[in-house]
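> With the sequence up front, the predicted model follows.
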Amino acid sequence: MPVIQIKRGLDIPVQGSVSNFAVADAWEAPHAALLPVEVVGIKTKLLVKEGDAVQVGTPLFLDRRDETVLFTSPSSGKIKAIHRGQRRMVLAVVIERDGNDSQIEENTKAPSKQDPAALRDTLCRTGLWTALRQRPFGRIAQSGDSPAALFITGTDSRPLAVSPHTLVANRQDEFVAGAQALASLTEGPTWLCTNPNDDWSDFIAPGIQQQEFSGPHPSGLPGTHMHQLGPAGTKQILWQIGAVDVADIGEFLLSGKQTVRRTVAVTGPAATKPRLLRTWNGMGMEFATQEEQSVEAIRVVSGSLLDGRTANTGTPEGFLGRWDSQISIVSEQTRREMLAWMFPFGGRHTLTNTLLDKFFRSKFKYDADLNGSPRAIVPIGSWEEINALDILPTQLIKSLASGDIETAEKLGALELVEEDVALWEYACPSKSPITRWLRNTLSQIEKEG
């Protein structure tokens with residue numbers, strides 16, 4: 001099929017990309033964690049308590065909305081802590097690693113050929129099912145659903161992201177095995193969405209359709225791919241999964257062993273040494289930033305700076321996210337600036353050409369400063385300039401802000417999750433929390449059925 005060219009969008013010009021793709025081993029991490037707060041709308045039921053011994057694959061908790069799907073331990077050891085937040089909401093289940101990474105024996109029996117029902121049961125039992133997420137609503141895929149299509153994301157256009165093709169290098173057999181197995185879960189097409197600059201010819205399994213996307217961000221988001229090939233809705237459930245997770249599933253099906261490590265990119269304007277790091281699933285962030293010798297305060301983000309989650313070390317959320325293959329580091333140093341926003345050479349990027357830096361810099365050293373306070377919505381066309389979807393952003397944002405869920409649904413809200421509108425929030429002149437408004441609206445629509 002011809003390449004789908006995404007013409008509108010924005011590649012945010014931020015410093016801190018990885019230039020050397022040699023993979024270094026991370027420091028041995030004494031702790032790992034699984035974070036229920038990452039799962040959209042989860043109603044957590046704990047299956048362990050502090051002090052319990054666990055192995056790789058031991059169920060830690062489940063979602064009461066679909067108790068078949070288990071969330072399992074990424075490491076072996078014992079439960080060191082269960083952190084809770086407001087109203088006793090479980091924030092993190094922390095494991096003190098023993099370094100053995102021993103696995104549950106009953107989970108190591110993965111037959112080479114399985115029918116779809118047996119595959120579903122195996123993936124749900126081992127915790128590998130949680131790699132699958134669905135649209136609409138962006139929640140974990142329901143174990144009893146059959147999607148209209150499955151989207152494997154083999155490209156990533158987020159700021160400073162490393163191509164998934166690099167992250168699954170030399171794992172062709174595992175990827176093909178995983179893709180073929182997952183394709184059996186749907187009667188619809190299975191799409192492998194890639195970038196034209198990457199050669200995926202060795203990864204294409206029978207029955208998998210490849211579609212290339214080019215252009216600026218959000219050309220590498222699954223929401224953009226779905227919008228072009230078959231949008232999600234109340235009557236059309238779509239599934240998405242990352243290329244790394246497909247390879248992990250394939251490795252388990254071929255060997256009977258779950259992988260406990262993954263390659264992540266350490267990036268960001270405050271990263272003193274952007275690099276690829278081979279680390280452990282659920283690793284504590286202090287061991288990803290061990291070589292960062294910055295003298296200023298930093299914010300560590302699991303994911304990209306555009307749509308990631310704050311994961312500062314020493315906090316219950318200070319661990320690598322379940323679906324993340326990127327760690328971003330940005331300065332959080334507070335300082336006063338001469339003339340503030342009126343200074344024409346403040347080193348800040350602008351979409352509206354109000355600062356002269358745009359004409360003299362190709363990359364900018366972003367920090368955590370908002371550069372202004374929230375204010376009334378000002379529709380000056382910024383959203384339309386970077387909107388890559390066939391959606392009316394101004395009208396949709398106004399409906400999200402006013403809580404008009406009926407209009408929001410008609411304008412395409414069910415196709416979207418937070419990552420799809422994060423670029424709108426970046427470009428918003430009024431500093432509006434568009435991603436939070438979208439999640440509130442989706443939760444309300446799902447609640448009302």
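Done, it's in.
> which residues does the residue nearest to Leu46 when sequence neighbours are not counted contact?
Excluding the flanking residues, the one nearest Leu46 by Cβ to Cβ, 6 or more residues apart in numbering is Phe61, at 5.0 Å. Placement of C-beta: from N, CA and C, glycine included. Phe61 is in contact with 34, 36, 44-48, 71, 90, 93, counting by Cβ atoms under 8 Å, 6 or more residues apart in numbering.
> Distance-wise, check Gly85 relative to Ser219.
Gly85 is 36 Å from Ser219, where distance means Cβ to Cβ, to the nearest Å.
> Between the two, which has more neighbouring residues?
Neighbours per residue, other Cβ atoms under 10 Å: of Gly85 and Ser219, the larger number sits with Ser219, 25 against 12.
> tally of neighbours for Gly256?
Using other Cβ under 10 Å, Gly256 has 15 other residues around it.
> same thing with Leu46?
In terms of burial, Leu46 registers 14 neighbours under the definition other Cβ under 10 Å.
> Next up, the contacts around it.
With Cβ under 8 Å, 6+ apart as the criterion, the residues that contact Leu46 are 60-61, 82, 90, 93.
> re the thing from before, list just the nearest of the contacts of Phe61 to Ala422.
The closest of these to Ala422 turns out to be Pro36 (Cβ to Cβ; 22.2 Å).
> what sits against that closest one?
For Pro36, the contacting residues are 42, 44, 61, 71, 89-93, by Cβ under 8 Å, 6+ apart.
> Ser304 against Val162, yeah?
No - counting by Cβ atoms under 8 Å, no contact exists between Ser304 and Val162, whose distance comes to 10.8 Å.
> shared neighbours, the two?
With Cβ under 8 Å, 6+ apart applied, the overlap between the contact sets of Ser304 and Val162 consists of Gln326.
> Looking at those two, which one has more neighbours?
Comparing Ser304 with Val162 by neighbour count (other Cβ under 10 Å), the higher total belongs to Ser304, at 25 against 20.
> residue contacts, the residue lying closest to that one once chain neighbours are set aside?
With Cβ to Cβ, 6+ apart as the measure, Arg158 is the residue that lies nearest to Ser304, at 3.9 Å, once sequence neighbours are left out. Under the criterion of Cβ under 8 Å, 6+ apart, the contact list for Arg158 reads 217, 220-221, 303-304, 306-307, 326, 419.
> any chance of the residues you listed in CSV, plus secondary structure and distance to Gln210?
Formatted as CSV, the contacts of Arg158 follow (DSSP: H, G, I helix; E, B strand; the rest coil; distance: Cβ to Cβ, whole Å):
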residue, secondary structure, distance to Gln210
His217, coil, 21
Gly220, coil, 15
Leu221, coil, 17
Gly303, coil, 26
Ser304, coil, 24
Leu306, coil, 26
Asp307, coil, 25
Gln326, strand, 24
Glu419, helix, 22
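> any idea which of those residues is closest to Asn170?
Gln326 (20.0 Å).
> Where does the residue nearest to Leu46 sit: helix, strand or coil?
Local secondary structure at Phe61 is given as strand here, using DSSP: H, G, I helix; E, B strand; the rest coil.
> Distance-wise, check it relative to Ala53.
With the distance defined as Cβ to Cβ, Phe61 ends up 16 Å from Ala53.
> again with Gln5
Distance of Gln5 to Ala53, given as Cβ to Cβ: 53 Å.
> Looking at this structure, which helix is longest?
In the chain, assigned by DSSP state H, the helix with the most residues is helix 434-448.
> so where's the stretch 151-300 of the chain uncertain?
Within the stretch 151-300 of the chain, the ranges that satisfy pLDDT under 70 run 288-295.
> Mind checking which of the contacts of Phe61 land in strands?
Using DSSP state E, the members of those that fall in strands are 34, 44-46, 71, 90, 93.
> What about Thr313, how many residues nearby?
The burial count assigned to Thr313 is 15, neighbours taken as other Cβ under 10 Å.
> In this structure it contacts Ile298, no?
No - here Thr313 lies out of contact with Ile298, judged by Cβ under 8 Å, at a distance of 9.5 Å.
> count of residues packed around Gln134?
Under the neighbour criterion other Cβ under 10 Å, Gln134 is assigned a count of 18.
> Please list all residues in contact with it.
Neighbouring residues of Gln134 by Cβ under 8 Å, 6+ apart: 140-142, 145, 147, 232, 237-240.
> Val260 and Trp280 touch, don't they?
Yes - using Cβ under 8 Å, Val260 is in contact with Trp280, at 6.0 Å.
> Identify the contacts common to these two.
Between them, Val260 and Trp280 share the neighbouring residues 74-75, with contact defined by Cβ under 8 Å, 6+ apart.
> Going by residue numbers, what spans are helices in the stretch 301-449 of the chain?
Under the criterion DSSP state H, counting those that start in this stretch, helices of the stretch 301-449 of the chain are mapped to 382-386, 393-402, 405-410, 418-427, 434-448.
> Out of those, which gets nearest to Phe21?
Nearest of the helices of the stretch 301-449 of the chain to Phe21, taken as Cβ to Cβ: helix 418-427 at 24.3 Å.
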